[in-house]
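1. any chance you could fold what I've pasted below:
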Amino acid sequence: MKSEFSKVAAVTLGFWIIKIIATTLGEVGGDAVTMSMQLGYLAGSLIFAAIFVVAVLAQIAAKKFHPFLFWFVIVATTTFGTTLADFFDRSLGIGYVGGSSSLFLLLMATLGLWYWRMGTISTSSITSPQAEMFYWLAIMFSQTLGTALGDLLSETTGYAGGVLVFAAALAVVALLHFFTNANKVILFWAAFILTRPFGATMGDFLDKPIAHGGLDLSRYTASAILALAIVALVTVMPQRAEPVDMRARAGL
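-> Reported below is the predicted structural model:
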């Protein structure tokens, strides 16, 4: 039976709404540093890696669930994921396929090691610093992989085609969640990856020229608006910690 609460947010509709906005902030915020500031993908990745590490350490050191701290770490994973994916895809010269494949392997290795060490990769079983560390590494690589997959689909199928592909994939995940007995933990990680490209889509809409169907906002302005939106939603929407199901330790 459920007896504890973890320090990560419960997976609700509000969770997914704020998560998509956070990934949008990660897209425009990451691009603001690497492109608008012209610091490059390596420097941007190092900057956001440092922020990510500090944020995760603060989250692990916390004694209970703090909504703003949790979502700050999520934003840190999205900005780091954006710059890291661009570094893999472009700076390393391995292209979108190579970058996506490398990041997929890193995510699978993280989830595999997590399962091997803890016996589960469920968000309902995070009760130790070690489990938290695995959780945040998996979140970070999921965000990075989602960015790389979005870039890959946009390159191969076009902007609109990529949106349709990911929308269809998310619809399949939702149907499996509500109408089948498919493993909910696997579906969570699939949805977490697939919602990331929608952040890139929204980011492009915000900073693209009006002539190309965008709002022509600067990346700095878009980042500020999105950050304020997250603060407002975290304040207004009920935030609660994920209940811990100790039975999850028996499997996925």
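2. what's near enough to touch the residue nearest the centre of the chain?
-> The chain has residue 143 as the residue nearest its centroid, 3.6 Å off, counting by C-alpha atoms, centre = their mean. For residue 143, the contact set (C-beta atoms under 8 Å, 6 or more residues apart in numbering) comprises 23, 26, 77-78, 80-82, 192, 196. Bear in mind the C-beta positions are built from the backbone N, C-alpha and C, glycine included.
3. by contact count, what packs against the host helix or strand of residue 192?
-> Under DSSP states H and E, the secondary-structure element containing residue 192 is helix 184-207. Helix 184-207 makes packing contacts with helix 13-31, helix 67-86, helix 129-157, helix 159-179, helix 219-236 when contacts are defined by 3 or more C-beta pairs under 8 Å, 6 or more residues apart in numbering; DSSP states H and E.
4. pull out the buried residues from the longest one.
-> Spelled out, it's helix 129-157. 131-154 (16 or more other C-beta atoms under 10 Å).
5. repeat that for stretch 165-183.
-> Applying a neighbour-count criterion of 16+ other C-beta under 10 Å, the buried positions in stretch 165-183 are 165-166, 169-170, 173, 176.
6. can you classify the residue of the chain positioned farthest from its centre as helix, strand or coil?
-> For the chain, the residue at maximal distance from the C-alpha centroid (C-alpha atoms, centre = their mean) is residue 211, at 29.9 Å. For residue 211, the assignment made with DSSP: H, G, I helix; E, B strand; the rest coil gives helix.
7. same check on residue 239?
-> Under three-state DSSP, residue 239 falls in the coil class.
8. number the residues from 9 up from this point.
-> All right, first residue 9 from here; so that's residue 247.
9. and it, its phi and psi?
-> Torsion angles at residue 247 (phi, psi; degrees, to the nearest 10) stand at phi -120, psi 130.
10. just checking, it touches residue 77?
-> No - distance between residue 247 and residue 77: 11.0 Å, which falls outside the contact criterion (C-beta atoms under 8 Å).
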